[in-house]
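# A predicted structure for the sequence below; I have some questions about it.
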Amino acid sequence: MKRARWTLVWMSAAWMGACGGGGGGGGSPTGTGGVTVTGTGGTGAVATGGMLATGGTLGTGGTLGTGGSGPAGPPGAFALIGPVQASSAQSLTPQLSWQPAFGATAYAVEIATTPDFGNADVYAQVVDATTTALVVPATTLVSGVVYYWRVSAENGSDYTVATGAPQWFSSPYLLDGAHGLAVTPDGGEVVVASNVNDGPIGLIDLTRHTVAGIQTGVHSTPIGVAVAPDGKHALATLLTDGAGGPNGVAVIDLQQNTFVDWIDDPCVGTTLTDVAYFPNGAAAMPDLGPDCASMGLSAFTPDPTNPYFSFTNLHDTNDPFDVAIDPTGAFALVTMELDRKLYRIDFGVSVTNYTLSGSSAGVAIAPSGQLAVVAENTLDLLDLTTGEINPVQLDQDTPGTDIHNVAITPDGQVAAVVGTSSIQFVSLPDGAILAAYPAANGSSVAIAPDGSTAFVSDRADGWVRVVPIP
């Protein structure tokens, strides 16, 4: 705070030297270039680079107005108005606004990439007391970066920081139909399925904050995405758009950023949603069996030249929807789109299920392999050892009905949940809601390997939001 206070006082002195203000009776000016103004508080001078004359009360006369005595001490309390706290859908030229502060003679506005400000500042501006809003200039901000902002009301050498500051906001990455997504193991890229006809596989560079697309060259719509454990390849499920494209899986080379080929599904009439990797590099996806009638999970080798398939029949009449694979690869969990069942497949051993209170959507397994998070009417915390289910009621929201609308941080402590109008973060040890941020139209969520950031796709708006994890 010492550096911040010094900065604010310096900016205030520079502004006051240019604009003038009521002086203190009986004082003598310091510095040069000041202007003398007279108000009911007395006659004094404010000089550029100098301090207010001592012995009087700051008035509102002179060039700042006529008559009356201003308050002694710092300006009154005030609050930030917009952008709304934790907005992840801001433009790159947002308007910042705040309440007026009683007794303020100027406002110092700062935007930074960390809540510490100082060297992290990307924008700093001092405005006069009549200004309570300003538009951030173009080229100042970058998509995908979380920014913190604050406003300080100044009054001579005193200042008051806005209540609740700093607050944060971010601007989303733009990608038409952004749907399924996954982060590479090194945290350098987000791979995104562009869920539009003949849509590309999007690549978001998290260092340069750029978006590129890999065209598949087939008349199919990408839906779900998974990145291989070694980060060299990615898979995206494909849904034919009716123009001759395949129902299958696209294979992407992430080292060359190229489309390798696609793998046809054994059931040509299937409707694929999600896909996931095993630790050994094999993959699995909710699927119809080769007979196009059985509902279950297809495991396969993601090699277009030899895509060996193995199918597990769940003996259910509803469509399998989302999948999560245990970190050891021993078992998988599969949700059902219109079913109150969550299926557990212990490969080569058994198929069991858990009864839920509503139709299940997204599912994720903690790194320990002992806890799962399931999105249905509520958020369910499932103890995979005992089978006990503990529901968590989100804060004025319910989980959405999309694939991978839940994710767990690498340390297993926090779950990110995409609801119908927000993204919320839940403490897994006790089920407490850590934060709830506005995020309408959310689809899928993925978490950076360091656990600091969540990426939330918004298919309707063509956005990938960036949200810090509390």
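Arrived safely, thanks for sending. Numbers count the residues shown, from 1 in each chain.

# from now on I want contacts and neighbour counts done on CA atoms only, so please keep to that.
Will do.

# grab the most central residue of this structure for me.
Val467 (2.0 Å; Cα atoms, centre = their mean).

# burial of the closest residue to that one other than its chain neighbours, as a residue count?
In space, and not counting its chain neighbours, Val467 is closest to Ala454: 5.2 Å by Cα to Cα, 6 or more residues apart in numbering. Look at Ala454: counted by other Cα atoms under 10 Å, it has 25 neighbours.

# still on that earlier bit, what helix or strand is the residue nearest to the centre of the chain on?
Mapping Val467 onto the secondary structure by DSSP states H and E places it in strand 463-468.

# touching that strand from outside, list them.
The contact list for strand 463-468 (Cα atoms under 8 Å, 6 or more residues apart in numbering) reads 86, 88-89, 144-146, 170-178, 452-458.

# tell me the buried residues in that strand?
For strand 463-468, burial by neighbour count (16 or more other Cα atoms under 10 Å) applies to Trp463, Val464, Arg465, Val466, Val467, Pro468.

# so Gly419 sits against Pro438, correct?
No: counting by Cα atoms under 8 Å, Gly419 does not reach Pro438; the two are 9.5 Å apart.

# looking at these two, which one has more neighbours?
Using other Cα under 10 Å as the criterion, Gly419 and Pro438 rank with Gly419 on top: 30 against 17.

# skip the chain neighbours and tell me the closest residue to that one.
Closest to Gly419 by Cα to Cα, 6+ apart is Pro399, at 3.9 Å.

# from Leu181, how far off is that neighbour?
According to Cα to Cα, to the nearest Å, Pro399 and Leu181 sit 18 Å apart.

# what about Asn306, how many neighbours?
By other Cα under 10 Å, the residues close to Asn306 number 10.

# got the phi and psi for the nearest residue to Ile81 once chain neighbours are set aside?
Nearest residue to Ile81, sequence neighbours excluded (Cα to Cα, 6+ apart): Trp98, at 4.7 Å. When read as degrees, to the nearest 10, the backbone of Trp98 gives phi -150, psi 160.

# so Trp98 touches Thr132, yeah?
Yes: contact criterion Cα under 8 Å: Trp98 and Thr132 qualify, at 5.5 Å.

# which parts of the stretch 351-470 of the chain are strands?
Using DSSP state E, counting those that start in this stretch, the strands of the stretch 351-470 of the chain run over 363-365, 371-375, 379-383, 389-392, 406-408, 414-418, 422-427, 433-438, 445-447, 453-458, 463-468.

# quick one: closest of those to His209.
strand 463-468 (11.3 Å; Cα to Cα).

# how far off centre is the closest one?
Here strand 463-468 is found 3 Å from its chain centre; the criterion is Cα atoms, centre = their mean, to the nearest Å.

# strand partners (parallel or antiparallel) of it?
Paired strands of strand 463-468, with direction, are strand 173-174 (antiparallel), strand 453-458 (antiparallel) (DSSP bridges).

# make CSV from those strands and add mean pLDDT and distance to Phe78 to it.
Formatted as CSV, the strands paired with strand 463-468 follow (pLDDT from 0 to 100; distance: least, Cα to Cα, whole Å):
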stretch, mean pLDDT, distance to Phe78
strand 173-174, 98, 32
strand 453-458, 98, 30
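
# most tightly surrounded among these?
Ranked by average neighbour count under the criterion mean count of other Cα atoms under 10 Å, these are headed by strand 453-458 at a mean of 26.

# what's in contact with that one?
Applying Cα under 8 Å, 6+ apart, the external contacts of strand 453-458 come out as 177-181, 416, 418, 440-448, 463-469.

# how about it as CSV, C-alpha atoms only?
Only the C-alpha atoms of strand 453-458 are listed here, as CSV (Å, rounded to 0.1, in the frame of the first residue of the first chain):
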residue,chain,number,x,y,z
THR,A,453,-8.0,-20.6,-14.1
ALA,A,454,-11.2,-22.1,-15.5
PHE,A,455,-12.2,-21.9,-19.2
VAL,A,456,-15.9,-21.9,-19.9
SER,A,457,-17.3,-22.4,-23.4
ASP,A,458,-20.4,-20.4,-24.5
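
# could you give the angle of that strand to strand 414-418?
Taking axes from the mean of the first three to the mean of the last three Cα atoms, to 10 degrees, strand 453-458 and strand 414-418 form an angle of 20 degrees between their directions.

# quick one: the strands in the stretch 101-250 of the chain?
Ranges of strands in the stretch 101-250 of the chain, per DSSP E, counting those that start in this stretch, are 106-112, 121-128, 133-135, 146-155, 158-161, 167-170, 173-174, 178-183, 189-194, 201-205, 210-214, 220-227, 233-240, 248-253.

# which stretch among those strands comes nearest Val406?
Smallest distance to Val406 across the strands of the stretch 101-250 of the chain (Cα to Cα): 11.8 Å, for strand 178-183.

# ok, back up a step: quick one: the residue nearest to the centre of the chain from Glu388, how far?
Taking Cα to Cα, one finds Val467 at 31 Å from Glu388.

# now do Asp287
Taken as Cα to Cα, the span from Asp287 to Glu388 is 27 Å.

# could I get the contacting residues of Ser91?
Contacts for Ser91 (Cα under 8 Å, 6+ apart) come out as Ser171.

# what about it, which SS state?
coil (DSSP: H, G, I helix; E, B strand; the rest coil).

# what about the residue nearest to the centre of the chain, distance to Gly329?
29 Å.

# the strand holding Val467 vs strand 178-183, what angle?
Calculated by the same axes, to 10 degrees, strand 463-468 forms an angle of 40 degrees with strand 178-183.

# avg pLDDT for strand 463-468?
Averaged across strand 463-468, pLDDT comes to 98.

# over to stretch 264-275?
Over the span of stretch 264-275, the pLDDT mean works out to 94.

# quick check: buried residues in that stretch?
Within stretch 264-275, the residues scored as buried using 16+ other Cα under 10 Å are Asp264, Asp265, Pro266, Cys267, Gly269, Thr270, Thr271, Leu272, Thr273, Asp274, Val275.

# for the second one, list the residues it contacts.
In other words, Asp265. Asn247, Gly248, Val249.

# do you know the pLDDT at the second one?
Reading off the per-residue confidence, Gly248 sits at a pLDDT of 96.
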